[in-house]
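K.L.:
Just need the structure, nothing else, for what follows:
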Amino acid sequence: MDNYAYIIASMPVLHLEDDKADNLVAQELLDEIRGQLSARDTAVLDQLLDGYNPEKLDAEFYQKARQHRNRFIREWFSFDLNLRNATVAYLNDSLGRQEGLDLVKLEGRETEEFPEAVAVQQVLNCGDILARERGLDELRWKKIDELTLLDSLDLEVILGFVAKLKIIDRWLQLDPDSGRALFRRLVDDIRSTYDNKKQILTI
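P.N.:
Numbering: from 1, shown residues only. Have a look, this model is predicted:
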């Protein structure tokens with residue numbers, strides 16, 4: 001029997017005010033999660049983490065993610081690809097580069113909708129670079145919440161937690177104060193997620 005509820009309930013509340021380096025906080029949480037997953041679920045987690053390695057983000061990666069058995073992987077990387085392509089297209093236009101340069105294109109996706117397209121463009125049109133990065137990560141955070149909204153205490157909730165953790169890890173490097181604020185937000189999120197979903201399951 002899968003122990004997702006136990007994993008979610010036992011996620012350690014690590015304080016960023018501790019003496020350990022900020023980047024170790026995210027890694028320690030990730031190690032805790034990995035240590036409690038089955039080999040099958042660890043493979044899914046590794047697929048998610050591969051999406052944060054720029055060297056792997058090619059058409060083959062996104063095609064495999066699109067066909068993955070796990071719903072969160074499929075939908076998250078579909079969103080991620082759309083977001084990355086929109087960002088690259090914006091930069092191409094801003095820098096006067098050739099249209100379509102460096103976009104990742106998958107056969108059969110040409111007519112797929114991107115519901116967040118307008119919101120992404122609004123963020124990209126923001127003049128301040130740091131505000132733009134915050135806006136894009138807010139859209140990522142919101143998408144994670146959307147993808148896990150109807151899930152019970154399952155692997156998708158854990159994958160969503162890890163995806164948020166990767167956002168936090170980036171901000172701990174870009175702007176430590178923002179990273180700490182996001183970490184506190186994540187702790188609140190996981191507490192409320194566990195309480196709410198546990199209550200639903202007991203009704």
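K.L.:
For the chain, just list every one of the helices.
P.N.:
Applying DSSP state H to the chain gives helices spanning 4-9, 22-36, 39-50, 59-66, 71-95, 117-124, 129-148, 155-174, 176-202.
K.L.:
Please identify the deepest-packed of these.
P.N.:
helix 155-174 (a mean of 20; mean count of other CB atoms under 10 Å). Using the backbone N, CA and C atoms, a C-beta is placed for each residue, glycine as well.
K.L.:
Need the pLDDT of the residue lying closest to residue 153 once chain neighbours are set aside.
P.N.:
Nearest residue to residue 153, sequence neighbours excluded (CB to CB, 6 or more residues apart in numbering): residue 5, at 4.0 Å. Residue 5 carries a pLDDT value of 72.
K.L.:
these two touch, right, residue 5 and residue 157?
P.N.:
No - under the criterion of CB atoms under 8 Å, residue 5 makes no contact with residue 157, lying 9.5 Å away.
K.L.:
Nearest residue to the middle of the chain?
P.N.:
For the chain, the residue sitting closest to the mean C-alpha position, by CA atoms, centre = their mean, is residue 163 at 3.0 Å.
K.L.:
Now for the spatially closest residue to it that is not a sequence neighbour: which residues touch it?
P.N.:
In space, and not counting its chain neighbours, residue 163 is closest to residue 144: 5.2 Å by CB to CB, 6+ apart. Taking CB atoms under 8 Å, 6 or more residues apart in numbering, we find residue 144 in contact with 76, 160, 163-164.
K.L.:
go again using 7 Å as the cut-off
P.N.:
160, 163-164 (CB atoms under 7 Å, 6 or more residues apart in numbering).
K.L.:
before we move on, what about residue 90?
P.N.:
Per CB under 7 Å, 6+ apart, neighbours of residue 90: residue 124.
K.L.:
what's the pLDDT at it?
P.N.:
Per the predicted model, pLDDT is 87 at residue 90.
K.L.:
Next one: it from residue 117, what distance?
P.N.:
11 Å (CB to CB, to the nearest Å).
K.L.:
Residue 146 now?
P.N.:
Taking CB to CB as the measure, residue 146 falls 15 Å from residue 117.
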